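Student: Predicted model follows, preceded by the sequence.
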Amino acid sequence: MTPKITILMAVYNGEVYLRQCIDSVLSQTCKDFEFLIVDDGSTDSTRDIIRSYSDDRIRLIENERNLSQVTSLNIGLDHASGEYIARIDADDIMLPDRIEKQYDFLSKRPEVVLSGSWAEAMDSEGKHIGITKLPVRNEEIIATILFGEFILVHSSIMFRKKPVMDIGKYNEAFSFTEDYKLAIDLLLKRHKIVSIPDVLIKYRLHDDRISVRDAKPQIQRYIIALKQFIRHLVPDFSELDSELLFNFLFNAGSMNKSYWENGVTKCDISRIIMLSDLLLKNTSNYFSLNKNKNYFMKRLFFNKVLNFAYQNRDIKSKLAKLLYAECLKNCFFILNKPKLYLYPFATFFSHIKTKL
């Protein structure tokens, strides 16, 4: 009987953590799956470790030479039997009920194409670092992408195979950030993406991780994907306006304090406010967000803008004042964080008191 779920892993020279990963997969409470492993031309003991398991659910595909993770994942998709694809990386670990919970979640929600989850970060020795809590709702994920922020842990995702095959699988031009591009491509086809607010995997932070080893090309392709997303939502913007808005959103997402010192003008901020209004309107229309979903998207957006404007609680910046006034106009969306509005006033009166 063909399994409904394919657990997909691409691995290259992963001998250090591989056995822990495989054991966590084979120990899942849900037993009905195939574990498809694509070895990407490893030169260490990776293949020997995989072959040491006698579990019939394991299928091994061996690339004759190293091709790349994204190419190997696409090879895996071509061979996958399951209707659902669950990802895992060779240095990460599944919690025992990860597959059961995610499959149950997706099977009850036919409108959702891809689901991520929250995750526990651990160091190279497996020691706890912290919990990564990502946006849960589809509209919150959309708003988070606008700022170029982290939306999914790749090892945590499970998706329906057909919609991903329909968009051409992973985009191989976006190696090192193929998961982010996949999410954007699905969203732009108006597919829904969500995350389960539960820790279902542990992901490892170490010096040989792709985000460290290939950080520069990863960031470059990440920025390209983000710009494509924004331009798709506001195709009528000029190149100059698109770049102006993108730079603001990207710096706001990373809370980059130096943004205010890099020649941005009052005219720039006024235009950014206008462009942001159009972006939010177009985004809401593009994704057909109802009143409730539009509220959650805008709440995240204006919370982020307000925090960026007053990350130092500084009332003296004329540029920040413009953004603050814009947030006041939209205060309905930030009623859950009223203290943020008191920060600049508190700083202002403290400044006056000091002078007196």
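Tutor: Thanks, I have it.
Student: Could you list the buried residues of the helix or strand hosting residue 267?
Tutor: Assigned by DSSP states H and E, residue 267 belongs to helix 266-286. Neighbour counts over helix 266-286 (16 or more other Cβ atoms under 10 Å) mark 269, 271-273, 275-276, 279-280, 282-284 as buried. To be clear about C-beta, it is placed using only N, CA and C from the backbone, and glycine gets the same treatment.
Student: what's the farthest-apart pair in these?
Tutor: Within the buried residues of helix 266-286, 269 and 284 form the most distant pair, 22.7 Å apart (Cβ to Cβ).
Student: ok, back up a step: closest to residue 106 out of the buried residues of helix 266-286?
Tutor: residue 283 (24.9 Å).
Student: Now do the same contact list for the closest one.
Tutor: Contact partners of residue 283, counting by Cβ atoms under 8 Å, 6 or more residues apart in numbering, are 142, 146, 233, 289, 297.
Student: Then residue 61?
Tutor: Residue 61 neighbours (Cβ under 8 Å, 6+ apart): 36-39, 75-76, 79.
Student: Secondary structure of it: a strand, I assume?
Tutor: Yes. When DSSP: H, G, I helix; E, B strand; the rest coil is applied, residue 61 is found to be in a strand.
Student: Just the pLDDT for it.
Tutor: With respect to pLDDT, residue 61 has a value of 98.
Student: Who does it form a beta bridge with?
Tutor: Beta-bridge partners recorded for residue 61 (DSSP bridges): residue 38.
Student: Tell me the spacing between it and residue 176.
Tutor: According to Cβ to Cβ, to the nearest Å, residue 61 and residue 176 sit 21 Å apart.
Student: following the helix or strand hosting residue 164, which helix or strand comes up?
Tutor: Using DSSP H and E, residue 164 sits within helix 161-166. Later in the chain than helix 161-166, the nearest helix or strand by DSSP H and E is helix 178-188.
Student: what about residue 125, helix or strand, and which?
Tutor: Short version, using DSSP H and E: residue 125 is in no helix or strand.
Student: sorry, back to before: which positions in the helix or strand following the helix holding residue 267 come out as buried?
Tutor: Going down the chain from helix 266-286, the next helix or strand is helix 291-309, by DSSP H and E. Buried residues in helix 291-309, defined by neighbour count with 16+ other Cβ under 10 Å: 293-294, 296-309.
Student: And helix 291-309, what does it pack against?
Tutor: helix 138-146, helix 239-253, helix 266-286, helix 318-329, helix 339-355 (3 or more Cβ pairs under 8 Å, 6 or more residues apart in numbering; DSSP states H and E).
Student: Return the most buried member of those helices.
Tutor: helix 138-146 (a mean of 23; mean count of other Cβ atoms under 10 Å).
Student: For it, give the mean pLDDT please.
Tutor: For helix 138-146, the per-residue pLDDT averages 95.
Student: Find the residue ranges of the stretch 101-250 of the chain scoring beneath the pLDDT cut-off.
Tutor: 206-215 (pLDDT under 70).
Student: any idea how far stretch 179-188 is from the chain center?
Tutor: 9 Å (Cα atoms, centre = their mean, to the nearest Å).
Student: Spatially central residue in the chain, please.
Tutor: residue 151 (2.2 Å; Cα atoms, centre = their mean).
Student: now that one, what's its secondary structure?
Tutor: Secondary structure assignment for residue 151 (three-state DSSP): coil.
Student: ditto for residue 82
Tutor: coil.
Student: mind starting the numbering at 769 from now?
Tutor: New numbering, starting at 769: the last item is residue 850.
Student: from what I can see it touches residue 771, true?
Tutor: Yes. Taking Cβ atoms under 8 Å as the definition, residue 850 is a contact partner of residue 771 at 5.6 Å.
Student: Give me the common contacts of those two.
Tutor: What both residue 850 and residue 771 touch, as defined by Cβ under 8 Å, 6+ apart, is the set 801-802.
Student: Now the nearest residue to residue 778 once chain neighbours are set aside: phi and psi?
Tutor: Leaving aside its sequence neighbours, residue 778 sits nearest to residue 840 (Cβ to Cβ, 6 or more residues apart in numbering; 3.7 Å). Per-residue torsions, residue 840: phi -70, psi -40 (degrees, to the nearest 10).
Student: Same question for residue 964.
Tutor: Dihedral angles for residue 964 - degrees, to the nearest 10 - are phi -80, psi 130.
Student: do the same with residue 835
Tutor: Residue 835 has phi and psi values of phi -110, psi -40 when expressed as degrees, to the nearest 10.
Student: Same check on residue 804?
Tutor: phi -100, psi 120.
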